[in-house]
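Asker: what's the 3D shape of this:
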Amino acid sequence: MKKTSLFVLTALLTTLLASPFCSKKKPREKAFPVGPEKQKQILAYADPVMENILVGFNKNDYETYSRDFGNQMKKAQPEPAFQKVRQKIVGRIGLYKKHALTRIVKTGKYYIVIYAGEFEKEKGVQMRLVFNKNDASHKVAGLWFNSPGLRRK
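Answerer: Sure thing, here's the model as predicted:
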C-alpha cells in the first residue's frame, strides 16, 4: 500500500484527485488501540474538531471546515482545493448526515480517530481524523474520507 510522505493529506485529495504528495512505497506502521482513559481524552478534542469539519463541509464554509487544521493541512488543502473536492464529494455521496466512532488507534507519533459516517447517498463512509501525539494544540494533521462511492470513477 502507498503511504503518504506528508501524513497531512486529506482523504478528499487522496481519494478523488491524483496527489503530488504521495511517496514511494514504505512499510506501513502498525496501529495499536488506545486504552479507555486515553480514548476519553482524545475524544474530548477530536469530537468537536470533527463536528467543525463536517458542519463547515455541509455549509460550504471553508473557515469553519479548516478552523482546527494545522499549518501543513491548510497548505495541503487551501480553499480552492476544498471547493473543488467538496463539489465532487457532494455529487457522489451527498451531504453529511451523522457519524459514530469506530475506533481510535495510535501509530508512530499519531493518534487516528476513525468514524463511520452517513451521507445522503451512502452509509459507512470511513472518516479518519489524525492528530500528532506531541501537539498540545490538537490541530488536525490528517483527514481522509473513504468509501466505494468516493473511489468509483
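
Asker: Am I right that residue 97 sits in a strand?
Answerer: Yes. Under DSSP: H, G, I helix; E, B strand; the rest coil, residue 97 falls within a strand.

Asker: what are the ranges of the strands in the chain?
Answerer: For the chain, the strands defined by DSSP state E occupy 32-33, 96-107, 110-119, 122-132, 140-146.

Asker: Contacts for the first one next, please.
Answerer: Looking back up the chat, that one is strand 32-33. By C-beta atoms under 8 Å, 6 or more residues apart in numbering, the residues outside strand 32-33 that reach it are 103, 104, 105, 106, 107. Using the backbone N, CA and C atoms, a C-beta is placed for each residue, glycine as well.

Asker: any chance you could map the helices in the protein?
Answerer: Taking DSSP state H as the criterion, the chain carries its helices at 11-16, 36-59, 62-65, 71-76, 79-93, 148-151.

Asker: check contacts around residue 49.
Answerer: Counting by C-beta under 8 Å, 6+ apart, residue 49 makes contact with 68, 129, 138, 140.

Asker: Quick check, pLDDT for residue 30.
Answerer: On pLDDT, residue 30 comes in at 89.

Asker: count of residues packed around it?
Answerer: As a burial measure, residue 30 scores 9 neighbours (other C-beta atoms under 10 Å).

Asker: ok, now how distant is it from residue 106?
Answerer: Per C-beta to C-beta, to the nearest Å, residue 30 is found 10 Å from residue 106.
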